[in-house]
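J.: Structural data only, the sequence is not supplied:
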């Protein structure tokens, strides 16, 4: 498969072959879904926490005597059925949402997502981004010439301070190092833009061995 290569000004130059190591013949969408759920689950934090009877203040005295009142027996005003009482079976903050997945399955899911994007003509490459100082306007014009709209993922080979500062104020644009490619960012993006040198870095890290 080939992808379009653009210059730093957004001019379409030629088509270049996408690295074969990052492609698989048949994307596995079920595996992609499983990997996406895993990543989102592993990013969760157990923030919700309700108070059990051991954490609720009060309730030391028995509300009324055990017998002779005609009312149901009660041992504490902080039982779950009382106003201001404890919460029964509520979240405790100890929940563990971590999901495991073998490395080979995670890699296949990632390559499936990349392959699906390439097949859908949603992956592009640019030679380099050459400007003297960071300028949001320059990067916005580049995206405009490439006709990129919506969520855009820009993949670099490493730290590029000028590109990062030029892109960070543009809505729905995310700059990511090639070594941190992940299923969620690829699936969420409407189009993925690789710097040309980032293609080789990504293939070295995630390519089929």
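T.: Structure's in. What do you need? Since this is a predicted model, take the numbers as computed values, not measurements.
J.: Give the ranges of residues in the chain that sit below the confidence cut-off.
T.: 208-209 (pLDDT under 70).
J.: can you pull out the strands in it?
T.: Along the chain, the stretches classed as strands by DSSP state E are 2-6, 12-17, 123-126, 152-156, 173-177, 191-195.
J.: Tell me which of the ones you listed lies nearest to residue 68.
T.: When those are compared by Cβ to Cβ, strand 173-177 sits nearest residue 68, at 70.0 Å. (Glycine included, C-beta is placed from N, CA and C.)
J.: Report back the residue of this structure that's furthest from centre.
T.: residue 68 (61.8 Å; Cα atoms, centre = their mean).
J.: residues contacting the residue lying closest to residue 172 once chain neighbours are set aside?
T.: Of all residues not flanking residue 172 in the chain, residue 151 sits nearest, at 4.6 Å (Cβ to Cβ, 6 or more residues apart in numbering). Contacts for residue 151 (Cβ atoms under 8 Å, 6 or more residues apart in numbering) come out as 172-174, 188-191.
J.: let's see it at 10 Å
T.: The neighbours of residue 151, taking Cβ atoms under 10 Å, 6 or more residues apart in numbering as the test, are 171-174, 185, 188-192.
J.: cool, residue 4 as well?
T.: Residue 4 makes contact with 12-16, 121, 123-126, 146, according to Cβ under 10 Å, 6+ apart.
J.: So which of those residues wins on neighbours?
T.: Of all the contacts of residue 4, the most densely surrounded is residue 123 (25 neighbours; neighbours counted as other Cβ atoms under 10 Å).
J.: Can you name the residues bridging to it?
T.: For residue 123, the beta-bridge partners under DSSP bridges are residue 192.
J.: Which positions within stretch 97-112 qualify as buried?
T.: 106-112 (16 or more other Cβ atoms under 10 Å).
J.: picking up where we left off before, out of the strands of the chain, the one nearest residue 43 is which?
T.: Closest to residue 43 of those, according to Cβ to Cβ: strand 173-177, at 15.4 Å.
J.: Run through the neighbouring helices and strands of that closest one.
T.: For strand 173-177, the helices and strands in contact under the criterion 3 or more Cβ pairs under 10 Å, 6 or more residues apart in numbering; DSSP states H and E are helix 136-145, strand 152-156, helix 161-167, helix 183-188, strand 191-195, helix 196-206.
J.: And the contacts of it?
T.: Residues outside strand 173-177 that contact it (Cβ under 10 Å, 6+ apart): 136, 139-140, 143, 148, 150-160, 163-168, 182, 185-186, 188-189, 192-193, 195, 198, 201-202.
J.: try 8 Å
T.: When contacts are defined by Cβ under 8 Å, 6+ apart, strand 173-177 is touched by residues 139, 143, 151-160, 163-164, 167-168, 185, 189.
J.: which non-adjacent residue is nearest residue 57?
T.: The shortest distance from residue 57 to any non-neighbouring residue, by Cβ to Cβ, 6+ apart, is to residue 78 (7.7 Å).
J.: In space, not sequence, find me the middle residue of the protein.
T.: Most central in the chain under Cα atoms, centre = their mean is residue 184, positioned 4.1 Å from the mean C-alpha point.
J.: distance of it from residue 64?
T.: Computed as Cβ to Cβ, to the nearest Å, the residue 184 to residue 64 distance reads 57 Å.
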